[in-house]
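**Student:** Any chance you can model this:
(one chain, ligands or ions: 1)
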Amino acid sequence: MGRYVLSMGSGEQFGVPATPFYYYDIELLRRTLSTVMTEAGRYGYCVHYAMKANVEPRILGEIQRAGLGADCVSGYEVACAVENGFSPDKIVFAGVGKSDHEIRTAIEAGIFAFNCESLEELEVIDSLAAELGRSVNVALRINPDVRPETHRYISTGQAESKFGISYTEIEQALSKLPGLNHIRIVGLHFHIGSQIRNLASFGELADRVNEIAAWFEERGVELRHLNMGGGLGIDYNDPDGEPVPDFAGYFRMFHEHLRVRPGQTVHFELGRSIVAQCGELLTRVLYTKTTAGGAKFAIVDAGMTELIRPALYGAHHRIENLTAAVATGVSARPMGVYSIAGPICESSDVFVRDLEFPETYRGDLLAIRSTGAYGSIMASNYNMRPIAPSYFGDEDRSV
Ligand code: LLP
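**Tutor:** As a prediction, this is how the structure comes out:
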């Protein structure tokens, strides 16, 4: 409801903040968190929030209070998770290029486990732990060679990707372990990619994990933890049709496929599915124009600096004209066809091309939906633009 109040005004004097800005529906976030915890709780699964999706302190606070742990991919995220109240014993740290400084930060914080991505990294973690007089938990991130149906830039689990220890190297990894006295191998970690809508890919992952875990067990490695990573996709086309992703189906898929030994814990690292739908990017139309070929453009005040996903991955986000949506009766708007583009001096700074959209004018307020994940966190200062602010649905103002 709050978002429609926004569309009435045309400037700060109406209680609408200057655009562009991010707006987060905290009530939807809470509903999402309660669903994820209930569905994971059915099987005793542990959920870590993938910090890379969004680190707004308000959002982290909600997530931490709901009982999730944190999944980090940099020492900075580890420090941020600790500052925002996540208990270190619920923090996991993955990343293909952890620097010595970042590894030290995580060892000193006393995190639950490193997800280690190469043989050399095992040795570096061991020697840094030795220097600090500590002993640390390590899960081996194994590249399972599973190909989910998703964009190639966000697919990580196939043999030629840079992520994880390849299954051709795990024998060598095992032979190194006896010489590494400051690390304990506590489990295995996997992550096959992001925005995966076909749940069967997760069944395939679990089947593969069963084979790999059996291989380790046959060699006497006790696996206390299995970490399945993240990747559950969301509905970008119809955010109101599926505001909360299908966590029930997702966890059920693992429950049906994954073999779990007595005492073993199963972990997940979900990012997008937790925060994407609660966020939207609000922007105003600056100009409209028509190309020589007759195509109409609406140029808005948000661009790839606020939301890079369309420019980087060709990602689709639903866009709504909130001002047109409240116009009724004689002022109701007929439909047209528009490309909606940002103000940045790059041809790729286009959110959508040739979209069927209500007739649009300068000053109209638009909402770019499903931007809570990988939106504000991937913002940049290109063209010297400031970082857009964030507002929250439960704040005491008219947004
Ligand atoms: N765990 C690991 C090891 C990961 O690399 C990722 C995401 C996740 C968990 C969380 O995945 P999620 O549940 O959010 O799918 N910027 C891209 C997405 C990059 C995802 C990178 N890794 C986008 O905007 O689509």
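**Student:** From now on I want contacts and neighbour counts done on CA atoms only, so please keep to that.
**Tutor:** Fine.
**Student:** Next, the distance between the ends of stretch 38-52.
**Tutor:** 23 Å (CA to CA, to the nearest Å).
**Student:** How about it and the ligand, touching?
**Tutor:** Yes - using CA under 6 Å from any ligand atom, stretch 38-52 reaches the ligand at Ala50.
**Student:** if you average pLDDT over that stretch, what comes out?
**Tutor:** Across stretch 38-52, the average pLDDT comes to 98.
**Student:** which residues touch that stretch?
**Tutor:** With contacts defined as CA atoms under 8 Å, 6 or more residues apart in numbering, stretch 38-52 is touched by 37, 63, 68-73, 77, 81, 90-92, 230, 247-248, 251, 255, 265-271, 274, 374, 377.
**Student:** In helices, which of the residues you listed appear?
**Tutor:** 37, 63, 77, 81, 247-248, 251, 255, 274 (DSSP state H).
**Student:** which of the residues you listed has the most neighbours?
**Tutor:** When neighbours are taken as other CA atoms under 10 Å, the top entry among the ones in helices among the contacts of stretch 38-52 is Ile274 (29 neighbours).
**Student:** ok, the residue nearest to that residue when sequence neighbours are not counted to Gln277 distance?
**Tutor:** Leaving aside its sequence neighbours, Ile274 sits nearest to Thr32 (CA to CA, 6 or more residues apart in numbering; 6.3 Å). Relative to Gln277, Thr32 is positioned 9 Å away (CA to CA).
**Student:** one step back: ok, the residue nearest to Ile274 - contacts?
**Tutor:** Thr32 touches 244-245, 274, counting by CA under 8 Å, 6+ apart.
**Student:** closest to the ligand among the residues you listed?
**Tutor:** Ile274 (7.8 Å; CA to the nearest ligand atom).
**Student:** Let me see the confidence value for that closest one.
**Tutor:** Ile274 carries a pLDDT value of 98.
**Student:** right, and it touches Leu28 too?
**Tutor:** No - using CA atoms under 8 Å, Ile274 is not in contact with Leu28, being 9.8 Å away.
**Student:** Going by neighbour count, list what's buried in stretch 72-81.
**Tutor:** Neighbour-count burial for stretch 72-81 flags 72-75, 77-81 (criterion: 16 or more other CA atoms under 10 Å).
**Student:** Need the residues that contact it.
**Tutor:** Everything outside stretch 72-81 that qualifies as a contact, by CA under 8 Å, 6+ apart, is 50-52, 70, 91-95, 98, 101-103, 105-106, 109.
**Student:** Longest helix in the protein, by number of residues?
**Tutor:** Every helix in the chain considered (DSSP H), the longest is helix 200-218.
**Student:** on that earlier part again, need the max-distance pair from the ones in helices among the contacts of stretch 38-52.
**Tutor:** Greatest spacing in these, by CA to CA: Glu77 and His255 (29.9 Å).
**Student:** Point out the residues in this protein that sit beside the ligand.
**Tutor:** Counting by CA under 6 Å from any ligand atom, the chain comes close to the ligand at 50, 94, 154, 191, 194-195, 229-232, 269-273, 309, 374.
**Student:** and if we set it to 5 Å?
**Tutor:** For the chain, the residues in contact with the ligand (CA under 5 Å from any ligand atom) are 194, 229-231, 269-272, 374.
**Student:** Could you export the residues you listed to JSON lines, including columns for neighbour count?
**Tutor:** Below are those laid out as JSON lines (neighbours: other CA atoms under 10 Å):
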{"residue": "Ser194", "neighbour count": "25"}
{"residue": "Gly229", "neighbour count": "23"}
{"residue": "Gly230", "neighbour count": "26"}
{"residue": "Gly231", "neighbour count": "24"}
{"residue": "Glu269", "neighbour count": "25"}
{"residue": "Leu270", "neighbour count": "25"}
{"residue": "Gly271", "neighbour count": "27"}
{"residue": "Arg272", "neighbour count": "27"}
{"residue": "Tyr374", "neighbour count": "20"}
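**Student:** Of all pairs in these, which one is the farthest apart?
**Tutor:** Gly229 and Tyr374 (16.7 Å).
**Student:** Which parts of the chain are helices?
**Tutor:** 2-6, 26-41, 57-65, 75-83, 100-109, 119-131, 170-176, 200-218, 247-257, 272-275, 309-313, 322-326.
**Student:** Now do the phi/psi pair for Gly95.
**Tutor:** Main-chain torsions, Gly95, degrees, to the nearest 10: phi 140, psi 130.
**Student:** returning to what we had before: of the contacts of stretch 72-81, which is the nearest to Glu211?
**Tutor:** Ala94 (22.3 Å).
**Student:** Could I get the contacting residues of that closest one?
**Tutor:** 71-74, 114-117.
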